[in-house]
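Asker: Build the 3D model from these lines:
(chains A and B)
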Amino acid sequence: MLQKKIKILLIEDDRIEVIKFNRAISSEFSSFIISLASNGKEALSLLKTSIPDIILLDLNMPDTNGIDFLKSVNDIPKLKHIPIIVLTTSNNSIDIKECYRLGISGYLVKSLKYEDYEIKINAILKYWSLNEFIHK
Amino acid sequence: MKQEKVDILERALERQKKARKQAELILEQKSLDLFYASQELNKANIKLAELLDEKTSQLKGVFENINDSYVVIDLHGEVLKMNDVAESFFGYDFHSEPINVQKLIYNEDHEYALKSFSQLVKTGHFTDYTARIITKSKEVKWVHINGSIIYDKLKKPIAAQGIIRDITVEREKRLIVDMINNIMKSILGKENIYEIAWEISSSIATYLGTNDCVIYLVNNQENALEQIAAYHNKALPDNQVLNKVIIPFGKGIVGNVAQTGVAEIIGNTDKDQRYILDDERRLSEITVPIISEGKVIAVIDAEHKNENYFKKEQLNTIENIANLVSFKIKSAINLRERKKTESLNIELLKKLEKSNEELHEYAHIVSHDLKSPLRSLAALTTWIKIDNLSAFDEASLQNFKDIEITLETMENLISDILKYSSLDAVVSEDEVVELDSLIKNLILVLYVPENITINILNKLPNLKGDKTKFQQLFQNLIGNAIKFNNKENGVIDIDVEDYNSFYKFSIKDNGIGIQDRHFDSIFKIFQSLKKDQNSSGIGLSIVKKIVNIYKGEVWLESEIDKGTTFYFTIKK
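Answerer: Numbers count the residues shown, from 1 in each chain, chains lettered A, B, ... in the order given. Predicted coordinates for the structure are as follows:
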């Protein structure tokens, strides 16, 4: 079965986190097109021209942070359906509850060990790439 | 003449003589009787005349010497007769000048007077007429009148008479008593200083017959007087005082009285330089301090537009009122102060809550900012290791491992600090926590090595509080008991004792024990006795903090190599 390449938007301000993400997924998948935004504001302007299949969102960012970004996305009808997965350091229950209230598809607490991170992020992407929902 | 005849004649004469004597005697008797009778009659007549005289003069005396005024008027109100009392009361001499009673009636009582008079003419009498009159010297007096109509022989009304009593003083006294009763009654159940002040100012205004009475409260912090109630003509009790006046201590008549504590009457404010013009100039002012425990706490101030309006007696009355209400006002002031403090406390509490929340948020941000570089370090070193695996020798690989362990220790430390600082934040409402099932589940989740058994000796109670905190509390203590056990068969006993107002829990192990010199310091943050990568030294600080939150205490008994028992109490 020929799979269409999945478009991922990674919203992350930390340079090393971006390298980590690229390195982690390239070892297993090659069927992704990755675009990058370093904060919520940049991401929103990218979304005007290109709509991804899935969004990975860091919460703590300068300028427009993750929660502000989620609020903005809720107001844009053509973006509302895109699954958003939150990548976060803190497991601050207030933040997580707020994220779910605003509508996220899941969250991943970034682990200290790179190996753990690699396993987790690949599991998530594998799940969503096989999901019918984003192949419509 | 025959002797016989002579005898007969002599006997007849004799009889006649006798009879005359008899008659004379009777006549004499009768005339004596008559004399006596006429004498008696004469006496009676004199007595009667005397009696009449007496009665007449008595009657005259009654009217002349009566303490009340007695006035006879014709049906047009012209005075026909008045007694001395009436003359001196009204100040007029009816002999030298004609007086009409209409002139005596106080302007505002005119209608009432006319009505009462027409009823008097109609029914023949009128009782309990109560109104004001004006004397010749322009004094206003309150009078009470009982009146009746005088008729001629043909029953035609020709005049009216009345007894007039001066009730000015009596009425004043009654007014004072009524007013004081009224004030005391109306402020009895009140606690609000504004309501109390309003009742006092309106009652005093009514008593003084003025439309301006103000109560000021002494504000010691600002050395000023604050207007808290102002009775005006049409003021309503709920009305907050318009143009709320603040008078500095010592300024104006009010400020002066507040300072001296001595009541004052000003007859003409034009001549008093202290006078402060409020809404309009009034010539008379009466100012009385309310004193509590030797200090002026408030001032009563009334004004009237007329000159020399207020009297010394009124000043005395208001001073009496000031004495009576001072306790009530003092307690109302205290209540107001207390309420102010209370609301201040609530505000502070809210601020504290907010800054606690902010601290909590801050802790999260800091922990994120600290953890991110750690994660990057971990990733970077891992990549260096993996990418060049063949190039590193055994020692270097061990170094990599040590870097990893160090990073982990550091991350644990950050997590624990976050936990510790988050304890103050109120995350959830207090609920009833079933401790027994909570701890049993906790033991299932914890990593317990096979050589260690954990027993719960008595069923643990239900507690009110935050579930997560209780879990953290037990997790730390049980965790320590597991971590620091060196025996082949480790035993951990959890128990509880029920006291009146608290529970005493114990967690006993047979581990390595703690030296008693450390008993206090181990509860201090970052005090780890044993260098261990799993121990951040914060666990027991968290325990102590949670126990403190539930108003309990924590302590321990220990013997080196025999074991340790941690005790703590939780308030019910």
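Asker: then the lowest-mean-pLDDT helix or strand in chain A to CSV, C-alphas only?
Answerer: Within chain A, no helix or strand scores below helix A:93-102, which has a mean of 84 by mean pLDDT, DSSP states H and E. The C-alpha trace of helix A:93-102 is given here as CSV (Å, rounded to 0.1, in the frame of the first residue of the first chain):
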residue,chain,number,x,y,z
SER,A,93,-1.9,19.2,36.5
ILE,A,94,-3.4,22.6,36.0
ASP,A,95,-1.7,23.0,32.6
ILE,A,96,-2.6,19.5,31.5
LYS,A,97,-6.2,19.9,32.5
GLU,A,98,-6.3,23.2,30.6
CYS,A,99,-4.9,21.5,27.5
TYR,A,100,-7.4,18.8,27.5
ARG,A,101,-10.2,21.3,28.0
LEU,A,102,-8.9,23.2,24.9
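Asker: interface residues of chain A facing chain B?
Answerer: A:14, A:16-17, A:19-20, A:23, A:60, A:89-90, A:92-93, A:95, A:110-115, A:117 (C-beta under 8 Å from any C-beta of the partner chain). For glycine as for every other residue, the C-beta is placed from the backbone atoms N, C-alpha and C.
Asker: So which of those residues are in helices?
Answerer: Those of the residues of chain A next to chain B mapping onto helices are A:Ile16, A:Glu17, A:Ile19, A:Lys20, A:Arg23, A:Ser93, A:Asp95, A:Tyr114, A:Glu115, A:Tyr117, per DSSP state H.
Asker: can you give me the strands in the stretch 451-572 of chain B?
Answerer: Counting by DSSP state E, counting those that start in this stretch, one finds strands in the stretch 451-572 of chain B at the ranges B:452-456, B:462-465, B:490-498, B:502-509, B:554-559, B:563-571.
Asker: The residue nearest the centre of chain A and B:Ala258, how far apart?
Answerer: Closest residue to the average C-alpha location of chain A: A:Leu56 at 0.5 Å, with C-alpha atoms, centre = their mean. From A:Leu56 across to B:Ala258, the span is 73 Å (C-beta to C-beta, to the nearest Å).
Asker: With B:Ile454 instead?
Answerer: Separation of B:Ile454 from B:Ala258 (C-beta to C-beta) stands at 74 Å.
Asker: So for the two, which sits in the more crowded spot?
Answerer: B:Ala258 (28 against 20; other C-beta atoms under 10 Å in any protein chain shown).
Asker: Now B:His144: which helix or strand?
Answerer: B:His144 is part of strand B:140-151 when elements are defined by DSSP states H and E.
Asker: now chain A, which segments are flagged as low pLDDT?
Answerer: A:1-4, A:27-30, A:90-91, A:131-136 (pLDDT under 70).
Asker: all strands of it, in order?
Answerer: A:6-11, A:32-37, A:54-58, A:84-88, A:106-109 (DSSP state E).
Asker: so where's the stretch 401-550 of chain B uncertain?
Answerer: In the stretch 401-550 of chain B, residues with pLDDT under 70: B:424-429, B:526-536.
Asker: Check which helices and strands the strand holding B:His144 sits against.
Answerer: Other elements packing on strand B:140-151 under the criterion 3 or more C-beta pairs under 8 Å, 6 or more residues apart in numbering or on different chains; DSSP states H and E are helix B:110-123, strand B:125-134, strand B:157-166, helix B:168-188.
Asker: let's go with 10 Å and repeat that
Answerer: Judged by 3 or more C-beta pairs under 10 Å, 6 or more residues apart in numbering or on different chains; DSSP states H and E, the packing partners of strand B:140-151 are strand B:69-74, helix B:84-90, helix B:110-123, strand B:125-134, strand B:157-166, helix B:168-188.
Asker: With mean pLDDT, distance to chain A and mean neighbour count added, can I get the ones you listed in CSV?
Answerer: As requested, the helices and strands packed on strand B:140-151 are exported to CSV (pLDDT from 0 to 100; distance: least, C-beta to the nearest C-beta, whole Å; neighbours: other C-beta atoms under 10 Å in any protein chain shown):
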stretch, mean pLDDT, distance to chain A, mean neighbour count
strand B:69-74, 89, 90, 20
helix B:84-90, 87, 89, 19
helix B:110-123, 89, 77, 14
strand B:125-134, 89, 77, 16
strand B:157-166, 89, 84, 18
helix B:168-188, 85, 51, 15
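Asker: would you list the ones you listed in TSV and tack on distance to A:Ile76?
Answerer: Converted to TSV, these look like this (distance: least, C-beta to C-beta, whole Å):
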stretch	distance to A:Ile76
strand B:69-74	99
helix B:84-90	98
helix B:110-123	82
strand B:125-134	85
strand B:157-166	94
helix B:168-188	65
